[in-house]
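**Q** predicted coordinates and the sequence they were generated for:
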Amino acid sequence: MALRAALRSKCGLPGLLSQLSSHSSHARVCVSPVLVAQQRNNSTTPKVKVEFDQSTGVAVMHMQSPPVNSLSLDFLTEFCINVEKLEMDKTCRGLIITSSQPKVFSAGLDIMEMYGKSPERCGEFWRAVQEMWLKLYSSDMVTIAAINGSSPAGGCLMSLTCDYRIMADNPRYSIGLNETQLGIVAPFWFKDTMVNTVGHRTTELALELGLLYSPSEALKVGLVDLLVPEDEVLTTATKTMTKWLAIPDHARQITKSMMRKPTIDKLTSKREADIQNFVSFITKDSIQKSLRMYLEMLKKRRG
């Protein structure tokens, strides 16, 4: 009901579609553009499950979109709606994001959202990707990524938006922004998020080479903050959350905003141009060919 009321508020649909989200410790964006996206999900099974413990003020969000939690438009819409609901609940102070799928946190952006789609659909998809980042990177909640599997590309981006990252110490898993391996380019706000985390030179090498780091390598460069045995990722995240919540909210939130606001403002001021750049790039014949070759390679592997 609260979401419907917000949609009927003075923001209005035209305003929502042009609204540029920004972070403030004292005010929130009225409603995110993603909340007015059409209901596309034909499945009755939620792609995201949220468990909220009101006694602790901590929510655990389980991504459960088989087989690999790909970030499709449907998934992103549901994800952002759930984050929005938690943000609107003043009793929710912390959010842990993890996966219900074995061996994978999130495989990243759904390639099928970028291959063979109309420019309009591509633009709608990219706006949803932006919204996911804006929602998490500017969240007043403490956010912890409980990375219990591989997390390439968009999965890595989601992890980077969080305040703290705990990863399963399993050498079979990997994490990184590997877009160049697919023949595509990580946009400036992906790059800025990684620079803010691991520094300029490490990011330069990682992005140009499309590097995927093992957990131990990720810890060494600062891409993740802690490694634990696979069966202890979620329990460790829960324990870590209590330390973060011991800090007065207002002090932590203002500090977080101070650290992240320049990066957030950079995207919000260029949001429409970023969408246009993405659509122009991803619909090029050469890029579509690269995506097709990648999809064919995946089919051969499965075969």
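**A** Looks like it arrived, so ask away.

**Q** what are the boundaries of the strands in this structure?
**A** 48-53, 58-63, 94-99, 142-147, 151-152, 164-168, 175-176, 226-228 (DSSP state E).

**Q** which one of the ones you listed lies nearest to residue 286?
**A** Among the strands of the chain, the nearest to residue 286 by Cβ to Cβ is strand 151-152 (22.3 Å). To be clear about C-beta, it is placed using only N, CA and C from the backbone, and glycine gets the same treatment.

**Q** rewinding a little: in JSON lines, list the strands of the chain along with mean neighbour count, distance to residue 285 and mean pLDDT.
**A** Shown next, in JSON lines, are the strands of the chain (neighbours: other Cβ atoms under 10 Å; distance: least, Cβ to Cβ, whole Å; pLDDT from 0 to 100):
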{"stretch": "strand 48-53", "mean neighbour count": "14", "distance to residue 285": "35", "mean pLDDT": "96"}
{"stretch": "strand 58-63", "mean neighbour count": "22", "distance to residue 285": "33", "mean pLDDT": "98"}
{"stretch": "strand 94-99", "mean neighbour count": "24", "distance to residue 285": "35", "mean pLDDT": "98"}
{"stretch": "strand 142-147", "mean neighbour count": "28", "distance to residue 285": "36", "mean pLDDT": "98"}
{"stretch": "strand 151-152", "mean neighbour count": "29", "distance to residue 285": "25", "mean pLDDT": "96"}
{"stretch": "strand 164-168", "mean neighbour count": "25", "distance to residue 285": "37", "mean pLDDT": "98"}
{"stretch": "strand 175-176", "mean neighbour count": "26", "distance to residue 285": "28", "mean pLDDT": "98"}
{"stretch": "strand 226-228", "mean neighbour count": "18", "distance to residue 285": "43", "mean pLDDT": "98"}
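
**Q** what's the closest of the ones you listed to residue 197?
**A** strand 164-168 (8.8 Å).

**Q** show me what the closest one is packed against.
**A** Applying 3 or more Cβ pairs under 8 Å, 6 or more residues apart in numbering; DSSP states H and E, we find strand 164-168 packed against strand 142-147, helix 215-221, strand 226-228, helix 233-245.

**Q** partner strands of it and their direction?
**A** On the basis of DSSP bridges, the sheet neighbours of strand 164-168 come out as strand 142-147 (parallel), strand 226-228 (parallel).

**Q** tally up the residues packed near residue 157, please.
**A** As a burial measure, residue 157 scores 27 neighbours (other Cβ atoms under 10 Å).

**Q** was I right about it contacting residue 176?
**A** No. Counting by Cβ atoms under 8 Å, residue 157 stays clear of residue 176, with 10.3 Å between them.

**Q** tell me the contacts of residue 152?
**A** Listed by Cβ atoms under 8 Å, 6 or more residues apart in numbering, the contact set of residue 152 reads 107, 108, 174, 175, 176, 177, 178, 212.

**Q** same question for residue 182.
**A** Per Cβ under 8 Å, 6+ apart, neighbours of residue 182: 111, 153, 210, 290, 291, 294.

**Q** give me the buried subset of these.
**A** Buried subset of the contacts of residue 182 (neighbour count, 16 or more other Cβ atoms under 10 Å): 111, 153, 210, 291, 294.
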